[in-house]
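Participant: Here is my input, please return the structure:
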Amino acid sequence: QVQLVESGGGLVQDGGSLRLSCAASGRFSRMNVMGWYRQTPGNQRELVAIITNSGGTNYAASVKGRFTISMDNAKNTVDLLMNSLKPGDTAVYYCFADFLVSEFQRSDAWGRGTQVTVSL
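Facilitator: Numbering: from 1, shown residues only. Predicted structure coming up:
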């Protein structure tokens, strides 16, 4: 079983910055993809940014140019640096990981979420 623990959420003013961090622990042989999704009340969870273990990235159009995702393969951590935050970025942010349990078994996991609130 893999556990993902997020940290770094909080309250910030419009135009401010926050860094989210997520650390994976448990039994897995290799992380394939790690990333961040977000969700607001009444809406579906949406992709924010993901990164592969080879460094490939994908960002939601709404955050491109403002957010930067990075992954430390040795520590199995993923960070999300969020700059120029807007009230529309307010949401619960969830860490995600896709990993190999064994050579032929793949699985995924979610963190519990961390609240990000951007005030005017």
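Participant: Return the per-residue confidence for the residue lying closest to Arg45 once chain neighbours are set aside.
Facilitator: For Arg45, ignoring the flanking residues on the chain, the nearest one in space by CB to CB, 6 or more residues apart in numbering is Gln39 at 4.3 Å. C-beta: built from backbone N, CA, C; applies to glycine. Gln39 carries a pLDDT value of 98.
Participant: Where does Val5 sit, in terms of helix or strand?
Facilitator: Assigned by DSSP states H and E, Val5 falls within strand 2-7.
Participant: Return the list of strands paired to that strand, each annotated with direction.
Facilitator: Using DSSP bridges, the strands paired with strand 2-7 are strand 18-26 (antiparallel).
Participant: Please compute how far the partner strand lies from its chain's middle.
Facilitator: The chain centre lies 8 Å from the centre of strand 18-26; the measure is CA atoms, centre = their mean, to the nearest Å.
Participant: And it, what's buried?
Facilitator: Residues of strand 18-26 classed as buried: Leu18, Leu20, Ser21, Cys22, Ala23, Ala24 (neighbour count, 16 or more other CB atoms under 10 Å).
Participant: list the contacts for the residue most central in space within the chain?
Facilitator: Taking CA atoms, centre = their mean, the centroid of the chain lies closest to Trp36, which sits 2.3 Å from it. Residues in contact with Trp36 (CB atoms under 8 Å, 6 or more residues apart in numbering) are Leu20, Cys22, Val48, Ala49, Ile50, Ile69, Val78, Leu80, Tyr93, Tyr94, Cys95, Phe96.
Participant: Dig out what the last one forms beta bridges with.
Facilitator: Listed by DSSP bridges, the beta-bridge partners for Phe96 are Gly35, Trp110.
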